[in-house]
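In: Got a sequence here, can you model it:
(2 chains)
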Protein chains: 2
Amino acid sequence: MNPSQPERVARDILVVGSVALDSVRTPFGMAEEALGGSASYFSFSAGHYAPVRLVAVVGEDFPAVHREAFERRSVDLSGLETAPGRTFRWRGEYHIELGHAHTLETQLNVFSDFHPRLADVHRRCAFVFLANIDPDLQLEVLAQTRGARLAVSDTMNYWIARKADRVIEVLRRVDVALLNEEEARALSGETQLVRAAQRLIDLGARAVIVKKGEHGALYRSAEELFVTPAYPVSGLQDPTGAGDSFAGGFLGWLARSGRTDPQALRQAMACGSAMASLAIEAFSPARLMDAGTAEITERVRAIHRMTSFELESLFD
Amino acid sequence: MNPSQPERVARDILVVGSVALDSVRTPFGMAEEALGGSASYFSFSAGHYAPVRLVAVVGEDFPAVHREAFERRSVDLSGLETAPGRTFRWRGEYHIELGHAHTLETQLNVFSDFHPRLADVHRRCAFVFLANIDPDLQLEVLAQTRGARLAVSDTMNYWIARKADRVIEVLRRVDVALLNEEEARALSGETQLVRAAQRLIDLGARAVIVKKGEHGALYRSAEELFVTPAYPVSGLQDPTGAGDSFAGGFLGWLARSGRTDPQALRQAMACGSAMASLAIEAFSPARLMDAGTAEITERVRAIHRMTSFELESLFD
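Out: Sure, this is the predicted structure:
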């Protein structure tokens, strides 16, 4: 701990990412200009566990109703800038495979000039989530949050294709780097995911989580290898935001429990999986907004039931 | 139990499938006319746990050295017919993705006229594995093994494309049906694997295991949903036989433990995963032949460590 750093607020989580208006079509329906963005999904997920402070930018056209939704969930919006112009927009569709989105249109709008300036209340958060924004912005945030107890990053193929060296620089500076399967393969050059994760550790990451969609997620550090399955949803509607919601459950539980030991990390993976399953049951973060603690608890228990077994002596 | 049925030999496992000579090329090497076939991989895997009796056919060209390898592992070969002609041959290659094999050539040879006739010693086995042979042959075997304690089937896309109704008929008559991802999707018409498995239950299967390669496997019945991860191999050589080796560990543990309750099924999944990981570390079933019980035990323990976590109250 650097004594010049401000005192941390133990349970507060800072998220820096996008707040967007998404237009999404899936085989199960569609949404037009619905609330989206990585920081939105993350906030509605993590907000179940701990106080969340959001740093992002929207345009003057951002609907008040969305702002109120965040406030109903007690997400701190003091870091949500309103800039002249239009809010970030994303248009995409998912086909039958639902593995990943096909982006039809991205309008960065106000997001193109975004440079997060953190107030003291943000710098003091003990937990930091850098959603999948430009790795140079992620590094700017990290420079302003030195001494955070746990910093977690996400990324996207867009940045790996354009700024792989900066993405790797972020990986080296955070405690846990989240990537999906495709990103882990692209960044590591390895096909098998356990090897891909190991390669990223070799490149200097402290720990990585590879998000595998319906196959769950795997956590790897130099010492630990742990997997969590996906919670089996019966009514998949829209996979958008699953990864950010996973991150929200993961960081949310660590902040809530105040622990970052291996056992807490394992529990956090299950919480992440539970939150991702809620996110994909509706368009927009609607299910994350209305889910209750009993439902979340039941999903974490189900994940535990899906994986636990008693060790027995096999050969005696 | 039908009183006219012969008394079962509690721990014996019958496998009916192929014994082949495989020529395989992967990014990591190649093998020419090496011992292969579903029944071979299964036997060398299950043989670590319980007595295995193999029913298959080979040609007059089948090398004595392979026969001796089975005998060294105490696999009962009294049901291994030698027919005039050449042994079944398969030639395939795996590309970088290693998801599935690209078949270059299949020579059924003596296998094309194979109709398994089971001796009394085979009919009395309590556990039965029907490897991925023609579903009509699988049904012939099932008709001769009625009253077995547990019958498990495998299949392949080749049969799903040609005889989907017969494959489904087999699913209805066995206790557990094994399929890989692609087969589960093809047979069920569902993309998401948990739903695919559920659809197969709806079609009359009692329980299905979907093998997911590096993502492990999932077990689904009307009452149970359970997943096991893949054991992380460091030196993948050749994925051939992974599924049959999984089946060998799965049935092997059930036969060894004498149990088929949900807890035993979960342990059996981990044993399956451990055996599959050994199979793919070498060409041919070489690693299955030389692995010891300590190594197998350590892999099952590692799988347990990869998935277990303590449940805690999340919100209180």
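In: From the centroid of chain A, which residue is nearest?
Out: Central residue of chain A (CA atoms, centre = their mean): A:Asp244, 2.8 Å from the mean position.
In: Point out where chain A drops to low pLDDT.
Out: A:1-7, A:96-100 (pLDDT under 70).
In: Now do the helices in it.
Out: A:38-46, A:64-72, A:120-123, A:135-144, A:157-173, A:181-188, A:193-202, A:242-257, A:262-279, A:286-290, A:293-307 (DSSP state H).
In: Now do the buried residues in the fifth one.
Out: Spelled out, it's helix A:157-173. A:157, A:159-160, A:163, A:166-171, A:173 (16 or more other CB atoms under 10 Å in any protein chain shown). All C-beta spots, glycine's among them, are computed from the backbone N, C-alpha and C.
In: give me the subset of those residues touching chain B.
Out: Counting by CB under 8 Å from any CB of the partner chain, nothing from those sits close to chain B.
In: these two touch, right, A:Ile168 and A:Gly204?
Out: Yes - contact criterion CB atoms under 8 Å: A:Ile168 and A:Gly204 qualify, at 7.1 Å.
In: re the thing from before, for chain B, state which of the buried residues of helix A:157-173 is nearest.
Out: Set against chain B, the nearest of the buried residues of helix A:157-173 by CB to the nearest CB is A:Asn157 (17.5 Å).
In: Which residues are in contact with A:Ser23?
Out: Counting by CB atoms under 8 Å, 6 or more residues apart in numbering or on different chains, A:Ser23 touches A:30-34, A:89-92.
In: now do 10 Å
Out: A:30-34, A:36, A:89-93, A:104-105 (CB atoms under 10 Å, 6 or more residues apart in numbering or on different chains).
In: Out of these, list just those in strands.
Out: Assigned to strands by DSSP state E, the following of the contacts of A:Ser23 qualify: A:30-34, A:36, A:89-93, A:104-105.
In: So how do I select the buried members of the residues you listed in ChimeraX?
Out: Here is the ChimeraX command that picks out the buried ones among these, judged by 16+ other CB under 10 Å:
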select /A:31,34,36,89,90,91,92
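In: Return only those of the ones in strands among the contacts of A:Ser23 found close to chain B.
Out: With CB under 10 Å from any CB of the partner chain as the criterion, the subset of the ones in strands among the contacts of A:Ser23 in contact with chain B is empty.
In: ok and the residue in the stretch 51-200 of chain A nearest chain B?
Out: Taking CB to the nearest CB as the measure, the point where the stretch 51-200 of chain A comes nearest chain B is A:Val194, at 4.0 Å.
In: Number of residues surrounding that residue?
Out: Counted with other CB atoms under 10 Å in any protein chain shown, residues neighbouring A:Val194 total 21.
In: ok, and the closest non-adjacent residue to it?
Out: Spatial nearest neighbour of A:Val194, excluding adjacent residues (CB to CB, 6 or more residues apart in numbering or on different chains): B:Pro232 at 4.0 Å.
In: Tell me the residues of the stretch 101-250 of chain A that contact chain B?
Out: A:181, A:185, A:191-195, A:197-198, A:212-216, A:218-220, A:224-234, A:236, A:249.
In: Any of these buried? List them.
Out: A:181, A:185, A:191-195, A:197-198, A:212-216, A:218-220, A:225-233, A:236, A:249.
In: Among the residues you listed, which ones are in strands?
Out: With strands taken from DSSP E, the overlap with these comprises A:218-220, A:225-228.
In: right, and out of those, which lies closest to chain B?
Out: For those, the nearest to chain B is A:Val227 (4.5 Å; CB to the nearest CB).
In: Verify the contact between that closest one and B:Ala230 for me.
Out: Yes - in this structure, A:Val227 is within contact of B:Ala230 by CB atoms under 10 Å, at 8.9 Å.
In: so what's in contact with the two at the same time?
Out: Common neighbours of A:Val227 and B:Ala230 (CB under 10 Å, 6+ apart) are A:194, B:215-216, B:303, B:306.
In: export the residues you listed to JSON lines and tack on distance to A:Ala148?
Out: Formatted as JSON lines, the shared contacts of A:Val227 and B:Ala230 follow (distance: CB to CB, whole Å):
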{"residue": "A:Val194", "distance to A:Ala148": "28"}
{"residue": "B:His215", "distance to A:Ala148": "33"}
{"residue": "B:Gly216", "distance to A:Ala148": "34"}
{"residue": "B:Ile303", "distance to A:Ala148": "34"}
{"residue": "B:Met306", "distance to A:Ala148": "28"}
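In: Farthest-apart pair in the buried residues of helix A:157-173, please.
Out: A:Asn157 and A:Arg173 (20.5 Å; CB to CB).
In: Just put the ones in strands among the contacts of A:Ser23 in CSV and tack on distance to B:Val52.
Out: Converted to CSV, the ones in strands among the contacts of A:Ser23 look like this (distance: CB to CB, whole Å):
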residue, distance to B:Val52
A:Met30, 54
A:Ala31, 55
A:Glu32, 60
A:Glu33, 62
A:Ala34, 57
A:Gly36, 55
A:Arg89, 61
A:Trp90, 56
A:Arg91, 57
A:Gly92, 51
A:Glu93, 50
A:Leu104, 55
A:Glu105, 59
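In: quick check, nearest of the ones in strands among the contacts of A:Ser23 to B:Ser313?
Out: For these, the closest approach to B:Ser313 (CB to CB) belongs to A:Gly36, at 32.2 Å.
In: which residue sits closest to A:Phe226, ignoring its sequence neighbours?
Out: Spatially, and ignoring its direct neighbours in sequence, A:Phe226 is nearest to A:Tyr219 (4.5 Å; CB to CB, 6+ apart).
In: from what I can see that neighbour touches A:Ala268, true?
Out: Yes - shown here, A:Tyr219 and A:Ala268 form a contact pair, counting by CB under 10 Å, at 8.9 Å.
In: can you list residues touching both of those two?
Out: A:176, A:209, A:228, A:250.
In: dump the residue contacts of the second one.
Out: Meaning A:Ile209. Going by CB under 10 Å, 6+ apart, A:Ile209 touches A:152, A:154, A:176-180, A:184, A:197, A:217-221, A:226, A:228, A:243, A:246-247, A:250, A:265, A:268-269, A:272.
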